[in-house]
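1. This is a predicted model, with the sequence first.
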Amino acid sequence: MSKQNHTAQEIRVLDVFKRHVASFSSGDLDAVLRDFGEHSVVVTPDGVYEGVNRIRTAYSALLAEFGNIERGDSPGLTVDTLHVCNDTLFITWHAASKQHIYPFGTDTFICDGDKFTRQSIAFSTPQPRDANFGVTGVVASGY
């Protein structure tokens with residue numbers, strides 16, 4: 001993490017992120033969507049998703065790709081870097097889904113209260129996953 005002593009705002013952002021990771025890892029779309037408000041925006045390589053109904057589309061695809069990580073559908077995501085400053089959280093990661101390897105990815109979250117108002121997601125071109133290859137670690141382990 002970027003620093004040891006976090007402000008109350010940064011602790012709140014980290015808590016929302018931890019909740020989001022738990023929801024994503026369990027494949028719970030409704031819980032994931034509770035982290036966003038009606039005017040939240042998620043930007044991905046596939047487009048811009050504004051509002052919970054549109055964000056549902058983006059996260060439905062992501063959850064279909066990764067499945068229920070806790071159940072072992074895929075190895076999931078390992079957070080390599082996490083920085084938080086005020087209302088903004090930045091991560092870099094690598095992942096393995098049910099079908100693909102993602103050598104590098106990054107997300108930025110902007111949080112207001114207990115909701116993400118903005119999220120950007122970017123990643124390197126996914127590679128086919130060899131059944132014998134996996135990524136060790138649990139989503140956001142240690143954060």
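-> Ah, there it is.

2. Where do the helices of the protein begin and end?
-> 8-25, 29-33, 52-66 (DSSP state H).

3. Who are the contact partners of residue 100?
-> 65, 126, 127, 128, 129 (C-beta atoms under 8 Å, 6 or more residues apart in numbering). C-beta coordinates here come from the backbone N, C-alpha and C atoms, glycine included.

4. Can you tell me which of the helices of the chain is nearest to residue 86?
-> Residue 86 lies closest to helix 8-25 among the helices of the chain, at 5.9 Å (C-beta to C-beta).

5. Can you list the helices and strands that that closest one packs against?
-> With contacts taken as 3 or more C-beta pairs under 8 Å, 6 or more residues apart in numbering; DSSP states H and E, helix 8-25 sits against helix 29-33, helix 52-66, strand 76-85, strand 88-96, strand 100-112, strand 115-123.

6. These: which one's closest to residue 46?
-> Of those, nearest to residue 46 by C-beta to C-beta is helix 52-66, at 7.2 Å.

7. tell me the average confidence for the closest one?
-> Mean per-residue pLDDT for helix 52-66: 97.

8. so where's this protein uncertain?
-> 1-4, 131-143 (pLDDT under 70).

9. List the contacts of residue 113.
-> The contact partners of residue 113, taken as C-beta under 8 Å, 6+ apart, are residue 12.

10. From residue 55, how far off is it?
-> From residue 113 over to residue 55 the distance is 17 Å, taken as C-beta to C-beta, to the nearest Å.

11. okay, which residue is most central for this protein?
-> Centroid-nearest residue in the chain: residue 21, 6.1 Å away (criterion: C-alpha atoms, centre = their mean).

12. about what we covered before: would you reformat the helices of the chain as TSV and include distance to residue 89?
-> Putting these into TSV (distance: least, C-beta to C-beta, whole Å) gives the following:
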stretch	distance to residue 89
helix 8-25	5
helix 29-33	16
helix 52-66	17
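
13. Looking at the helices and strands packed on helix 8-25, spot the one closest to residue 16.
-> Among the helices and strands packed on helix 8-25, strand 100-112 sits nearest to residue 16 (C-beta to C-beta), with 5.4 Å.

14. Fine by me, thanks again.
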